[in-house]
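Student: pasting the sequence and the predicted model now:
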Amino acid sequence: MAIGDVILATEMVYYDLRKVTPSGTPRRGQTRPVPAAVGHAVNAFLADLDPPRRLTIVDPEGTSRSPVVHAGPIGSGEAVIADEDAAEIAFLASFNDKILAVDMEAGGLGQASAPSPTWGRGRGRFGRGRDPRE
């Protein structure tokens with residue numbers, strides 16, 4: 001994935017559930033799939049794009065860009081993760097090795113829409129977490 005690519009979430013893994021004990025802090029992930037209607041809409045959108053699923057976008061300055069669109073699970077929680085070696089990243093990789101990105105908003109969005117899940121999430125890839133400006 002490159003910076004500027006677009007990620008469409010098909011499920012969200014909430015990584016902030018954990019239990020603090022004297023012997024350690026085990027994490028408990030929670031998966032929330034997008035509602036069926038959102039999943040169908042994502043699939044229909046992707047079916048209209050030829051591989052490698054590029055969009056052509058012209059920004060307000062007139063610059064043409066062609067980000068690749070990816071669909072799959074994302075991780076979400078309360079922490080701002082600015083370190084690619086963070087424990088949260090390792091946990092997400094062990095929970096689901098197909099996680100495409102991490103954000104902070106999808107977890108709250110998924111919780112707020114429960115018990116009638118009507119959420120969806122699209123995201124641009126802005127950085128790799130190595131540089132605080134990303």
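Tutor: Perfect, I can see it now. From a predicted model like this one, the values you see are computed outputs, not experimental measurements. Numbering: from 1, shown residues only.
Student: for the chain, what spans make up the helices?
Tutor: With DSSP state H as the criterion, the chain has helices at 36-47, 87-95, 105-113.
Student: nearest to residue 6, of those helices?
Tutor: Each of these was scored for nearness to residue 6 using CB to CB, and the closest is helix 36-47 (10.5 Å). C-beta here means a position set from N, CA and C on the backbone, and glycine is covered the same way.
Student: now the closest one: how far from the chain's centre is it?
Tutor: Offset of helix 36-47 from its chain centre (CA atoms, centre = their mean, to the nearest Å): 16 Å.
Student: burial count for the closest residue to residue 68 other than its chain neighbours?
Tutor: Leaving aside its chain neighbours, residue 68 sits nearest to residue 5 (4.8 Å; criterion: CB to CB, 6 or more residues apart in numbering). Residue 5 has 20 neighbours, counted by other CB atoms under 10 Å.
Student: what's the answer for residue 74, then?
Tutor: Neighbour number of residue 74 under other CB under 10 Å is 23.
Student: how near is it to residue 24?
Tutor: 26 Å (CB to CB, to the nearest Å).
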